[in-house]
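J.: no letters, just coordinates:
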């Protein structure tokens, strides 16, 4: 039994809805949807329309705020950042700045809302020959007062450039979506994944990390202590909680949020004789979020996060007056052609993943194609 006492607090995760978070994070939710194959003749729509607010945790999939295409049609944000980290499935993004994209299957999108942006996140049924499985994390990272009214920005981290550490025995792996951990500096490709310039994560002193941890039965690893002092650290056990999991020597048998002492290493082990059934995963999945706290007042109302109530009122008035630049797309639930593939449109330049085409004619993802 470990005597490090790295676990400060354990909180059961809700069946649906956002997870508890610590400063500098505001919000975290895990989307786990098994959408059917497209039967709409290429429209990428579900057979039955949504009701405008479908978050049923017992259903195989949810429509969320979508009507015929599941997802979140255009809506505004101000004062923080959204980080959308995917493990399966595809997402269509469009925003009021004119940026857009289709990404997923391990890609990560990082958007700074700043002074105000309107965006949509739709989950089109791209595949007609198989189910459209979707797995993603939606994470909100706060901005300090000095950065809440910056110009909106957008970054795409292609999965091909995201560093994944694997143990020698192949039983444990860590995907480093953000942060200087698990040998990320040794991966030259990951150097292209830079948070937007005004992000709290852009300063290494803030020690922001977003890690996806997967451990097979018989696997183990040690989460290193934080690189900086004064760091808040939370770890979420998401799937595989029946797999005889121990964290810091303590058995964890339910989905939980663990608040951790970031000054201490945290050993994790999954028993080789893990017990699973048809509803459980043989892989144990964790998400780790950490960073130095911003330590400023947080006032949130719906899609706006500021420091005072008067700033929230100003945000609503500004959106009512300007629509944060307006919506330049032909539909509120904007989706792209079924065969479009993964892409990002940033500042009118279309960018493709490094291996786009798989025909030896890879796109130059820095130069892109002028539109």
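T.: Nice, thanks for sending it over. None of these values were measured; they are calculated from a predicted model. Numbering: from 1, shown residues only.

J.: every contact and neighbour count from this point should use C-alpha atoms.
T.: Will do.

J.: what segments of the stretch 101-250 of the chain are helices?
T.: Taking DSSP state H, counting those that start in this stretch as the criterion, the stretch 101-250 of the chain contains no helices.

J.: what ranges does it have for its strands?
T.: Shown for the stretch 101-250 of the chain, the strands assigned by DSSP state E, counting those that start in this stretch span residues 108-112, 117-122, 132-142, 153-157, 163-166, 172-178, 209-215, 220-223, 232-239, 245-247, 250-252.

J.: chain center to stretch 210-225, what's the gap?
T.: Put simply, stretch 210-225 sits 18 Å off its chain's centre (Cα atoms, centre = their mean, to the nearest Å).

J.: cool, and stretch 107-124?
T.: Centroid separation for stretch 107-124 versus its chain: 11 Å, with Cα atoms, centre = their mean.

J.: between the two ends of that stretch, how far is it?
T.: Stretch 107-124 has its terminal residues 16 Å apart, counting by Cα to Cα, to the nearest Å.

J.: rewinding a little: of the strands of the stretch 101-250 of the chain, which approaches residue 193 most closely?
T.: Residue 193 lies closest, by Cα to Cα, to one member of the strands of the stretch 101-250 of the chain: strand 153-157, at 5.5 Å.

J.: can you list the neighbours in contact with that closest one?
T.: 99, 107-114, 192-196, 344, 346 (Cα atoms under 8 Å, 6 or more residues apart in numbering).

J.: same thing with stretch 50-65?
T.: 15-16, 32-35, 66-73.

J.: distance of residue 208 from residue 25?
T.: Counting by Cα to Cα - residue 208 and residue 25 are separated by 10 Å.

J.: likewise residue 58?
T.: From residue 58 to residue 25 the distance is 27 Å (Cα to Cα).

J.: pick out whichever of those two has more residues nearby.
T.: residue 25 (24 against 9; other Cα atoms under 10 Å).

J.: check contacts around the more buried one.
T.: 139, 140, 141, 142, 289.

J.: ok, now residue 144?
T.: 200, 294, 296.

J.: check residue 86 too.
T.: Counting by Cα under 8 Å, 6+ apart, residue 86 has contacts 104, 105, 106, 107, 108, 135, 136, 137.
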